[in-house]
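Novice: Need coordinates for the below:
(one chain, ligands or ions: 1)
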Amino acid sequence: MENSSSTDFWGPSVVTWFNTAPSSALRTHESPRWYPHKDPILGLDVLYDLAMAVFNHRFLEFTAELISRYGGTITYLTLGRQAIYTIDPVNVHAMLTDRTRYQDFGVGSRKQSLKPLLGSGIFTSDGAIWKHHRSMIRPFLSRVQTAEVDVFEIHLQTLFQTLPADGSTVDLQRAFNAMTLDISTHLFLGTSTNVLSSLFHPTSDPSHTRGQQFAAAFDYAQRAISGIDDFGLSGLLWKLVFGDKKLDQSVETVHSFIDDIIEQQLGLSKLNSNSSNKGQNFFSDLLKQGRSKEDIKYDVLNLLLAGKDSNASFLTSVWYVLSQRPDLCAKIREEINTILHGNPATLEDLSKFTYLTMVLQEVLRLYPPVAVNQRTAEVDTVLPHGGGADGESPLRVPRGASVGYSVYAMHRLPEYFGDDVDEFRPERWLDIKPKAAYMPFHAGPRTCLGQHLSMCLAKYSTIRILQHYARVENRNVEPWQEKLGLNCSSRHGALVGLTVSSSLEA
Ligand code: HEM
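Specialist: All right, here's what the predicted structure looks like:
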């Protein structure tokens, strides 16, 4: 039973209701390929299945398998509203990159849900306001590039001092969560939270404590706002009925932390207008461009949100894989020796690492930090596939319908990546050019602005970790499982045992 003409999933009245008075553009297209709902009014059956999949940490696999069974694109109901889910790269690219179509789609509900934390910023806006934020952030990030490697090195040194190096088991994910916050605040605020140094050894130093409070509040606010958390059902109901005071307090802590740093940095830049640090924070420049401190706070927060967890997830996946694959570590070590001859890596050196780049591409293929995403139709519009009985005809998308898509599933399509899609095989990148099907950093006008920074951090940190440690032993006992939030991370972290290399000690 795979299309709306089937008899046993819903009555024609509902279909008629949803297709009431379609615009003339839509009338020319065939009916969508509907999910065979048992509840054709609200679609609670599919919501239950999706909720169970999230609960069992199988959402990505469940949706990939479900949608491919229905030909790559399916239309379903979510609380009575029409929604679409696709893993068809042709549809996703039409929606995100097609000049005539991408403006038909906006970022949808996240404009409201993220607003308490992120205000009006690049993630919570569309159209002219989004364009404005993008034009502010882009030049800032290219300036940040010049400081990247030095900042990475500072925080990698802290990592080396913090992690136990006696072979005992440690979760690198915890360390990377702290390190990427320290790096992001260092680069974007000009001053670091420095939470990594006290991660395994709590201190009473007030500056550390404030950084830790900020880290905890930012983390809680993101998890609570994403709607996926470790709350039990009773906790969730409580929050729905009585609100979430902890969320309000967390947002307050986050905002006042950033406000104070902006004030401090502005004070510093007034005192020392020739400061060598001035390229690393953009506050003075932004104020000169007529932006308010409130605007600046939200630009910074949007950047922190974009950069911190996605990078932590990326680095964790790198080491989840590498700790289990000494053969890959050996090849990367060989590349390090050939390119660096024992010298430290510079920004220019990083572009010479072709094998390491393929390893990182393969990590992002199998473990994309932004594994699922969504857009909402702003007007009645059309996608190339998903209509008609076979799903091959154009699909009408009414205004207000959400279109979810799974990058996780697209990255596992054999027709783009080969028959061995589940295998971690960096060499596949010598032969394939998957274009539309590979998009860990998004595509089109809203492509990630931090791609360069993320790839540089992943390359630099992998090189430095391999130089510093003689052995990174696998201690993971569980298979990889998703942990969904605004980003996707590893539920069981990346457990390793580390042994310092005496000869390569840097
Ligand atoms: C591995 C790390 C990262 C991944 C996988 C990643 C992925 C993405 C994706 C998929 C989007 C599109 C989101 C959407 O519109 O729905 C995005 C947007 C964005 N990313 Fe990243 N990102 C990463 C790191 C970073 C970093 C480090 C920064 C900051 C320096 C950053 C800055 C941004 C910004 C500003 C946007 C918004 C672009 C826009 O809407 O115009 N990202 N990123």
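Novice: Correct me if wrong: residue 187 contacts residue 151.
Specialist: Yes: taking contacts as Cβ atoms under 8 Å, residue 187 lies within contact range of residue 151: 5.7 Å. Heads up, the C-betas are built off the backbone N, CA and C, glycines and all.
Novice: Tell me who's in contact with the residue of the chain found nearest the ligand.
Specialist: When scored by Cβ to the nearest ligand atom, the chain has residue 450 as its residue closest to the ligand, at 2.0 Å. Residue 450 makes contacts with 141, 303, 306-307, 310-311, as judged by Cβ atoms under 8 Å, 6 or more residues apart in numbering.
Novice: can you narrow those to ones near the ligand?
Specialist: Checking those against the ligand by Cβ under 6 Å from any ligand atom, the ones in range are 141, 303, 306-307, 310-311.
Novice: Among those residues, which one sits closest to residue 48?
Specialist: Using Cβ to Cβ, residue 310 comes nearest to residue 48 of those, at 29.8 Å.
Novice: Find the helix or strand that that closest one is a member of.
Specialist: Taking DSSP states H and E as the criterion, residue 310 maps to helix 293-322.
Novice: Distance from the chain centre to that helix, please.
Specialist: How far helix 293-322 lies from its chain's middle: 8 Å, per Cα atoms, centre = their mean, to the nearest Å.
Novice: What segments of the stretch 51-200 of the chain are helices?
Specialist: Using DSSP state H, counting those that start in this stretch, the helices found in the stretch 51-200 of the chain span residues 59-69, 89-97, 110-113, 115-118, 127-144, 148-162, 172-189.
Novice: Which of those helices sits closest to residue 385?
Specialist: Closest to residue 385 of these is helix 89-97 (Cβ to Cβ; 5.5 Å).
Novice: Packing partners of that closest one?
Specialist: strand 381-387, strand 402-406 (3 or more Cβ pairs under 8 Å, 6 or more residues apart in numbering; DSSP states H and E).
Novice: and the next element down the chain from the longest one?
Specialist: In this case it means strand 381-387. Per DSSP H and E, the first helix or strand lying C-terminal to strand 381-387 is strand 393-397.
Novice: Next, the angle from that following strand to helix 89-97.
Specialist: 40 degrees (axes from the mean of the first three to the mean of the last three Cα atoms, to 10 degrees).
Novice: Which strands border strand 393-397, and is each parallel or antiparallel?
Specialist: Counting by DSSP bridges, the strands paired with strand 393-397 are strand 381-387 (antiparallel).
Novice: And the contacts of the strand it pairs with?
Specialist: Under the contact criterion Cβ under 8 Å, 6+ apart, strand 381-387 has outside partners 25-26, 29-33, 71-75, 84, 86, 88, 90-91, 94-95, 101, 104-105, 391-397, 399, 403.
Novice: what does this structure put close to the ligand?
Specialist: Within the chain, the residues that sit near the ligand (Cβ under 6 Å from any ligand atom) are 122, 134, 137, 141, 303, 306-307, 310-311, 314, 369-370, 373, 440-442, 446, 448-450, 453-454.
Novice: Let's see that with 5 Å instead.
Specialist: With Cβ under 5 Å from any ligand atom as the criterion, the chain comes near the ligand at residues 122, 134, 306-307, 310-311, 314, 369-370, 373, 440-442, 446, 448-450, 453-454.
Novice: What residues of stretch 388-403 count as buried?
Specialist: Residues 388, 391-398, 401-403 are the ones in stretch 388-403 that count as buried (16 or more other Cβ atoms under 10 Å).
Novice: Next, the distance between the ends of it.
Specialist: Length of stretch 388-403, first residue to last, Cα to Cα, to the nearest Å: 18 Å.
Novice: average pLDDT across it?
Specialist: Stretch 388-403 carries an average pLDDT of 92.
Novice: and if you look at stretch 326-337?
Specialist: Mean predicted confidence for stretch 326-337 is 98.
Novice: Flag every buried residue along it.
Specialist: 328-329, 331-332, 335-336.
Novice: Which helix or strand contains residue 375?
Specialist: strand 372-377.
Novice: How about the secondary structure of the residue nearest to residue 171 when sequence neighbours are not counted?
Specialist: Nearest in space to residue 171, with sequence neighbours left out and distances taken as Cβ to Cβ, 6 or more residues apart in numbering, is residue 493 at 4.0 Å. Assigned state for residue 493: coil (three-state reduction, DSSP: H, G, I helix; E, B strand; the rest coil).
Novice: Surely residue 499 touches residue 168?
Specialist: No: contact between residue 499 and residue 168 fails when scored by Cβ under 8 Å: they sit 10.3 Å apart.
Novice: Tell me which of these two has more neighbours.
Specialist: Neighbour count, other Cβ atoms under 10 Å: between residue 499 and residue 168, residue 499 has more, with 13 against 10.
Novice: which residues does that one bridge with?
Specialist: With DSSP bridges applied, the residues forming beta bridges to residue 499 are residue 166, residue 471.
Novice: Next one, pLDDT for it please.
Specialist: pLDDT for residue 499: 95.
Novice: mind listing what it touches?
Specialist: 165-167, 469-471, 473.
Novice: Among those, which one sits closest to residue 156?
Specialist: Using Cβ to Cβ, the shortest approach to residue 156 within the contacts of residue 499 belongs to residue 469, at 11.6 Å.
Novice: between the contacts of residue 499, which has the most around it?
Specialist: That'd be residue 469 among those, by other Cβ under 10 Å, with 21 neighbours.
Novice: Mind pulling up the pLDDT for that one?
Specialist: Per-residue confidence at residue 469 stands at 96 (pLDDT).
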